[in-house]
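Asks: predicted model and sequence below, questions to follow.
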Amino acid sequence: VVQSKGCIVLMASEGKVQFKITLTSDPKLPYRVIKVPEGAPFTAVVKFAAQEFKEKEETSAIITNDGIGINPAQSAGNVFLKHGSDLRLIPRDRVGSF
């Protein structure tokens, strides 16, 4: 809501993006569908997805289906435009371990 010269103008609400996030560490490959505002920080998406799967958010990362890591320091809208809606949650302690 913006007030200008005695008039109140309602601003259009921000759009939302939807992600299908699959937990790769579970052989059953469960997934969650998450809908967030385009401007939401992607770190919040990572945190929420980790909590949904009962994983530690500090040791979780989100990757694409092609295995490309996603930098969480961007907006959800940018991630959606660059990588699409199908993503995977992976516990970082399993990445590169022997």
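Replies: On my side now, so go ahead. From a predicted model like this one, the values you see are computed outputs, not experimental measurements.

Asks: same question for stretch 46-55, mean pLDDT?
Replies: For stretch 46-55, mean pLDDT rounds to 94.

Asks: next, the buried residues of that stretch.
Replies: Val46, Ala49, Ala50, Phe53, Glu55 (16 or more other C-beta atoms under 10 Å). Every residue, glycine included, has its C-beta placed from N, CA and C.

Asks: ok, stretch 16-25 next?
Replies: Residues of stretch 16-25 classed as buried by neighbour count (16+ other C-beta under 10 Å): Val17, Phe19, Ile21, Thr22, Leu23.

Asks: helices - which of the buried residues of stretch 46-55 land there?
Replies: Using DSSP state H, the subset of these located in helices is Val46, Ala49, Ala50.

Asks: how near is the first one to Asn71?
Replies: Distance from Val46 to Asn71, counting by C-beta to C-beta, to the nearest Å: 11 Å.

Asks: same thing with Val17?
Replies: According to C-beta to C-beta, Val17 and Asn71 sit 16 Å apart.

Asks: same question for Ser25.
Replies: Counting by C-beta to C-beta - Ser25 and Asn71 are separated by 21 Å.
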